[in-house]
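*Asks:* return a 3D structure for these sequence lines:
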Amino acid sequence: MTEQELLEKFKELGVLKTGHFRLTSGLHSAQYMQCAAVFEYPKAAEEIVKLLIPKLPQDIDTVMAPAIGGINLGYEVARILGCRFVFAEREQGKMVLRRGFALTPGERVLVVEDVVTTGGSVKEVLEIARSCGCSVQGVGCIVDRSQDELDFQAPFVSLVRVAIETYQPDQCPLCLAGQPLTKPGSRDIN
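*Replies:* Next up is the predicted model:
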């Protein structure tokens with residue numbers, strides 16, 4: 001599947017949305033990537049994740065992801081690779097392992113996330129893995145939306161890189177045009 005075909009599939013599945021969005025960063029945009037929509041359709045999700053698998057390290061013990069966006073992707077990657085899956089979640093604003101999840105020194109870990117924008121959640125998960133003495137084999141995502149070069153101190157791959165223009169709220173042409181604003185993300189913002 002070409003990158004353009006993949007983007008068309010994302011539009012069809014409701015992943016690539018158009019409108020007027022307030023992003024978690026507080027910036028505004030005319031487009032939004034809602035990768036959770038991929039997992040509404042398990043067959044389509046499997047097809048898309050199988051495109052990512054060859055790009056990922058294969059010799060791993062555990063796939064690890066940040067909640068909530070990375071959970072479905074992490075599970076599917078681990079299922080296909082035949083290994084264990086754990087996720088970290090926020091507790092008092094900080095990513096932690098809960099629910100009895102634990103990592104052991106030397107464990108080979110792959111970190112995955114659905115959409116990477118700033119890389120903040122991924123870096124928090126990487127810190128957990130490294131603090132447990134794990135060997136981080138790489139980082140993978142479906143969509144890389146980052147605007148700057150990210151340094152995870154591990155190989156980083158994505159299925160597709162998408163540049164989405166953003167605006168400061170006071171300079172947003174969509175606001176000036178009177179378009180209604182939507183907050184589609186999962187984190188509370190002020």
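
*Asks:* quick one, what contacts the residue lying closest to residue 10 once chain neighbours are set aside?
*Replies:* In this structure, residue 10 finds its nearest non-sequential neighbour in residue 16, 4.2 Å apart by C-beta to C-beta, 6 or more residues apart in numbering. The C-beta positions use only the backbone N, C-alpha and C, and glycine is treated the same way. Applying C-beta atoms under 8 Å, 6 or more residues apart in numbering to residue 16 gives the contacts 7, 10, 31-33, 162.

*Asks:* and what of residue 109?
*Replies:* 60-64, 103, 129, 134-137.

*Asks:* now these: which count as buried?
*Replies:* 60-64, 103, 129, 134, 136-137 (16 or more other C-beta atoms under 10 Å).

*Asks:* in the chain, which spans are helices?
*Replies:* Secondary structure of the chain (DSSP state H): helices at 3-13, 42-52, 69-81, 120-131, 173-176.

*Asks:* rewinding a little: ok, the buried ones among the contacts of residue 109 vs residue 175, which is closest?
*Replies:* Lowest distance from residue 175 to those (C-beta to C-beta) belongs to residue 64, with 38.3 Å.

*Asks:* give the bridge partners for that closest one, please.
*Replies:* residue 86, residue 111 (DSSP bridges).

*Asks:* now do it, the pLDDT please.
*Replies:* pLDDT, residue 64: 98.

*Asks:* hmm, it is touching residue 129, no?
*Replies:* Yes. The criterion here is C-beta atoms under 8 Å, and residue 64 meets it with residue 129 at 6.0 Å.

*Asks:* correct me, but residue 85 touches residue 67?
*Replies:* No. Using C-beta under 8 Å, residue 85 makes no contact with residue 67, being 12.0 Å away.

*Asks:* tell me which of these two has more neighbours.
*Replies:* Comparing residue 85 with residue 67 by other C-beta atoms under 10 Å, the one with more neighbours is residue 85, at 20 against 16.

*Asks:* any idea how far that one is from residue 64?
*Replies:* Residue 85 sits 8 Å away from residue 64, going by C-beta to C-beta, to the nearest Å.

*Asks:* list residues touching both of these two?
*Replies:* With C-beta under 8 Å, 6+ apart as the test, residue 85 and residue 64 both reach residue 74.

*Asks:* contacting residues for residue 91?
*Replies:* residue 98.

*Asks:* what's the pLDDT at residue 184?
*Replies:* Taking residue 184 on its own, its pLDDT is 81.
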